[in-house]
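Novice: what's the 3D shape of this:
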Amino acid sequence: MTFPYDIRANLTMLVDLLNTSGDVATDGDELTTTAALREFAARHDFSGPLVATQTDIEETVRLRARFAAALDSSIDAETEDEVETGTSAVVDEINLTLSDSGSVPQLVKHDNWDWHLHATGAQASLADRVAADVALVLIDLIRSGDLDRLGRCAAEDCRAYLADFSRNRSKRFCDTGNCANRTHVAAFRARQSV
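Specialist: As a prediction, this is how the structure comes out:
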């Protein structure tokens, strides 16, 4: 499946947001300052003013934790019932997020972007704009049956999230470290020592 540019951008943003947590391949939480949140938003081409407050940081970190927990239940699902329960947990978070952010979807075109959805206006808080974009991309993934495109890195020493954009759904390693190379080198060395 080829994802439209806005879904691909928002999915990349979601994975990046989840990986800003201190419990992945980082030296700690990357979203602790207003400057860090503004830089995150700029890196992901958010439109409107990039003004961040301490409240925006707190709300964004809570959002990240809520969606990480819901997505983990979906990612770790093995049976059909577990998949349904995990998807329902994600849907519950989406609906809560849309309600809390005061989302009113609008079709917009700006800067270098063609027509795409914004769920909040450009004057909404930065936390609400991040939240709305997270909700929108997850809605797209659930509706298209692609929620399994979100996963965790297969490296034994990494828990980073990843987005699988490959046609055959074969991506196993994150982009945050050198996980694929490290894993393959270790496997090669193990084979050579036998």
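Novice: model confidence over stretch 118-127, on average?
Specialist: Averaged over stretch 118-127, pLDDT sits at 84.
Novice: in that stretch, what counts as buried?
Specialist: 118, 119, 120, 124, 125, 126, 127 (16 or more other Cβ atoms under 10 Å). For the C-beta atoms, the positions are set from N, CA and C on the backbone; glycine is no exception.
Novice: Quantify the burial of the closest residue to residue 46 other than its chain neighbours by counting its neighbouring residues.
Specialist: Spatial nearest neighbour of residue 46, excluding adjacent residues (Cβ to Cβ, 6 or more residues apart in numbering): residue 129 at 6.0 Å. Residues near residue 129, counting by other Cβ atoms under 10 Å, number 26.
Novice: what about residue 129, distance to residue 99?
Specialist: 15 Å (Cβ to Cβ, to the nearest Å).
Novice: State the phi and psi torsions of the closest residue to residue 111 other than its chain neighbours.
Specialist: Counting by Cβ to Cβ, 6+ apart, residue 111 lies nearest to residue 47, which is 6.6 Å off, once chain neighbours are set aside. Backbone torsions for residue 47, taken as degrees, to the nearest 10, come to phi -90, psi 170.
Novice: give the contact list for residue 47.
Specialist: The contact partners of residue 47, by Cβ atoms under 8 Å, 6 or more residues apart in numbering, come to 108, 110, 111, 113, 118, 122.
Novice: make it 7 Å
Specialist: Residue 47 sits next to 110, 111, 122 when contact means Cβ atoms under 7 Å, 6 or more residues apart in numbering.
Novice: What helix or strand is the closest residue to residue 66 other than its chain neighbours located in?
Specialist: Computed as Cβ to Cβ, 6+ apart, the closest residue to residue 66 that is not its neighbour in sequence is residue 93, at 5.4 Å. Using DSSP states H and E, residue 93 sits in helix 80-100.
Novice: Distance of residue 122 relative to residue 58?
Specialist: Separation of residue 122 from residue 58 (Cβ to Cβ): 22 Å.
Novice: Just give me the neighbour total for residue 106.
Specialist: With other Cβ under 10 Å as criterion, residue 106 counts 12.
Novice: Ok, the one 10 residues further on next?
Specialist: By other Cβ under 10 Å, the residues close to residue 116 number 17.
Novice: So it lies in a strand, does it not?
Specialist: Yes - with DSSP: H, G, I helix; E, B strand; the rest coil as the criterion, residue 116 is part of a strand.
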